[in-house]
Each structure stands twice: as structure tokens, then as C-alpha cells.
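Novice: Could you look at this predicted model? Sequence included:
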Amino acid sequence: MQDNLSDDHHHDPIEEGAALRVRALEELLIAKGLVKAEAIDAVVEYYEKETGPRNGAQVVARAWCDPDFKAWLLKDGTAAIHSMGFKGYQGEHMRVVENTNDTHNIIVCTLCSCYPWPVLGLPPAWYKGAAYRARVVREPRAVLAEFGLDLPASQKVRVWDSTAEIRFMVLPQRPPNTGNLSQAELADLVTRDSMIGTAVL
């Protein structure tokens, strides 16, 4: 899916201009020997895959272990997430939607790329791309299949469109046979994509 989207998608003009300026600045800093390309890659990787997504994984694992917290999270995602100290830009108004045997949820921002940074980190390039934003609304099952996720026909797919007013996060289903795992061990099972809805875990 990611390969297909990155081949097809085009950034919005504003995003494209900003990306070009960032790339030019990166190249200048590298050329002058002020920073190494590997260092930039490491920082981006950290924010994309460690900081934010690890916060979200802690939220998910706590919900799996604590029924009262889960009920609070689904009723008032903003308050429950903020109670764990995860707040900030693009995390002011949060709603958490739960995957079940009957329904699989997936999030998108069709107008731009609104995304819950405090719990998911930086949005992946494909999330911001026009191909994902347009196609996941029209043909969510096809998009999920391209991510390698083939859902049973009996499971409904629901697409949630984030806006400037509210960001969404998916609460994945707890995997079977994990009753002996600690909350920290459960958090290690949770991926960023599962909290977007393009993966089960």
C-alpha cells in the first residue's frame, strides 16, 4: 500500500513548498558539514516511530488492562489521554474509536493531514498523500488490502475523518492469549498503524 500510494500521491502546494524548503535546508546543513544525513534520519525515525506512537501504545495497553480507564477513554478521549500526560499541539480534542469483531475503524483527514501528534507522533508520508486521503473514503477495503489487511466480509469498515476540531485514534482489539502479559509488554505489541487502523497490530 505504501509503495502504491507514494507512487501516485501528490502533495498539496503548501505542503510541497514547505517540503522543498526543508529539503534545501537539510542539504545545505549537510554540505557545510554541520549535520550528518544519518543524524537527520535518526531524529525523524525517532519522532515517527518512537515518541508519539509509544505514547499511544501506553494508552492502548492501559485500556486493555483497566476496564474503567477504557470506558473513560471511549467516553472522553481527550480527558483520559491528557490524564496520562500526553497533550499538546494537535492533541487538544481527541476521540478514540474501538475496533470490535463487528467493526474495524480507520482514520484519515480528507482536507489536509490533521493527526494526533501527542499519541501517534509525526504522520507518515502516505497519510498526508492525496491518494490515501481520497481512496480510503471511497474504497477502504481495497486500501486496507494494499496494506496487507484483508478483513472478513462480516466486519464493517468505518472511516473517521479528522478535522481541525477533533482528532481520532483507533483502539485496536487486544490480541488473544495475552492474559499473562504485563501492561508494558502489551504496549510493545501496539504499532502506529494499528492506531490509525491500517493494521490490526
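Specialist: Good, I have the coordinates. What you are looking at is a predicted structure, and each value in this text was computed from that prediction instead of being measured.
Novice: how about the helices in the protein?
Specialist: Here the chain has its helices, by DSSP state H, at 2-8, 13-31, 37-46, 52-65, 67-75, 77-83, 117-120, 125-128, 130-138, 140-146, 183-187, 192-196.
Novice: and the ones you listed as CSV, adding distance to Ser154?
Specialist: (Each C-beta comes from the backbone N, C-alpha and C, glycine too.) CSV is the format used below for those (distance: least, CB to CB, whole Å):
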stretch, distance to Ser154
helix 2-8, 26
helix 13-31, 38
helix 37-46, 38
helix 52-65, 23
helix 67-75, 23
helix 77-83, 27
helix 117-120, 28
helix 125-128, 27
helix 130-138, 20
helix 140-146, 12
helix 183-187, 27
helix 192-196, 20
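Novice: how about these, which one is nearest Cys109?
Specialist: Checking those against Cys109 by CB to CB gives helix 130-138 as the closest, at 6.7 Å.
Novice: one step back: so which of the helices of the chain gets nearest Val108?
Specialist: Short answer: helix 130-138, nearest of the helices of the chain by CB to CB, at 4.9 Å.
Novice: tell me what that closest one is packed against?
Specialist: helix 2-8, strand 103-108, helix 140-146, strand 156-161 (3 or more CB pairs under 8 Å, 6 or more residues apart in numbering; DSSP states H and E).
Novice: now do 10 Å
Specialist: Judged by 3 or more CB pairs under 10 Å, 6 or more residues apart in numbering; DSSP states H and E, the packing partners of helix 130-138 are helix 2-8, strand 103-108, helix 125-128, helix 140-146, strand 156-161.
Novice: now those in JSON lines, with distance to Ala39?
Specialist: Below are these laid out as JSON lines (distance: least, CB to CB, whole Å):
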{"stretch": "helix 2-8", "distance to Ala39": "24"}
{"stretch": "strand 103-108", "distance to Ala39": "31"}
{"stretch": "helix 125-128", "distance to Ala39": "20"}
{"stretch": "helix 140-146", "distance to Ala39": "33"}
{"stretch": "strand 156-161", "distance to Ala39": "36"}
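Novice: okay, these, which one's buried deepest?
Specialist: Among those, ranked by average contacts under mean count of other CB atoms under 10 Å, first place goes to strand 103-108 (a mean of 22).
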